[in-house]
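Okay, structure incoming, though there's no sequence with it:
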Ligand code: PEP
């Protein structure tokens, strides 16, 4: 079901103690507030169980930033979807551009991760987005369409309906350079059209599509006002409770 969502992506930031303190701050800031969106924090694996213990799951969702593409076994250092789910987390970011870029994630590995997330009751927050060169050479619609088709279009309509999409133009992530609200809307409407062509208008209308890339309290309201932008995936601004809350309350 389509929802407004603001999800934080802490990336490789905060020690366990700092992370628990930040989660407590966000949780406390949500007390007495009725946000017009679901609020999620996606935190490092090492923090999941401890953060789960200090947040109110009715107000604040918890997710991981990745999971393995195998169910279990001899994969030293990997963390499975079952392990993530066993901490109490309900979400997992998959296909973040940093994982595609630095850890060679492909649509093939992402297909496995999506399947394992579903098997373990996790909702994927699935990231797509073009790099600067693709924005500048005009291939960005094709690139994003291909990312969705190759990793997700083997799914049934029912399973596709369980995915949250995050459009994150790579040139806007951590750069301070936000896509304009019109650029975001243009891409989000395009993505919804791609989904409608494959699964029909109802599935497309029910898909939450978040924007990510230097989203801040100062630009969130304009982005979220666009009809096809259903919220944000927030990196840097999720690392302080007040800036994260400034985005949560932008709806
Ligand atoms: C992200 O990494 O998902 C992200 C959107 O980062 P930032 O908000 O820092 O650009």
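Perfect, thanks for sending it. Just so we're clear, the structure is a prediction, and the values are computed from it rather than from any experiment.

How many residues are close by residue 177?
12 (other C-beta atoms under 10 Å). Heads up, the C-betas are built off the backbone N, CA and C, glycines and all.

Also residue 16?
So residue 16, with other C-beta under 10 Å, has 13 neighbours.

Could I get the contacting residues of it?
46-47, 50 (C-beta atoms under 8 Å, 6 or more residues apart in numbering).

Which of the residues you listed sits closest to residue 6?
residue 47 (18.9 Å; C-beta to C-beta).

Chain neighbours aside, what residue packs nearest to the closest one?
Nearest residue to residue 47, sequence neighbours excluded (C-beta to C-beta, 6 or more residues apart in numbering): residue 19, at 4.1 Å.

Helices of the stretch 1-150 of the chain, residue ranges please.
Listed in chain order, the helices of the stretch 1-150 of the chain (DSSP state H, counting those that start in this stretch) span 16-30, 48-54, 81-86, 97-103, 107-119, 132-136, 140-152.

picking that back up, which residues sit in contact with the residue nearest to residue 47?
With C-beta under 8 Å, 6+ apart, residue 19 has these contacts: 10, 43-44, 47, 50-51.

Which single residue of this structure approaches the ligand most closely?
Here the chain gets closest to the ligand at one residue, residue 235, 2.2 Å apart by C-beta to the nearest ligand atom.

the strands in the stretch 101-250 of the chain, which residues?
Under the criterion DSSP state E, counting those that start in this stretch, strands of the stretch 101-250 of the chain are mapped to 123-128, 164-167, 209-212, 231-234.

Of the contacts of residue 19 - the most surrounded one?
residue 43 (28 neighbours).

For it, which non-adjacent residue is closest in space?
residue 10 (5.0 Å).

chain center to the least confident helix or strand in the chain by mean pLDDT: distance?
Scoring the helices and strands of the chain by mean pLDDT, DSSP states H and E places helix 132-136 at the bottom, with a mean of 94. Chain-centre distance of helix 132-136: 22 Å, with C-alpha atoms, centre = their mean, to the nearest Å.
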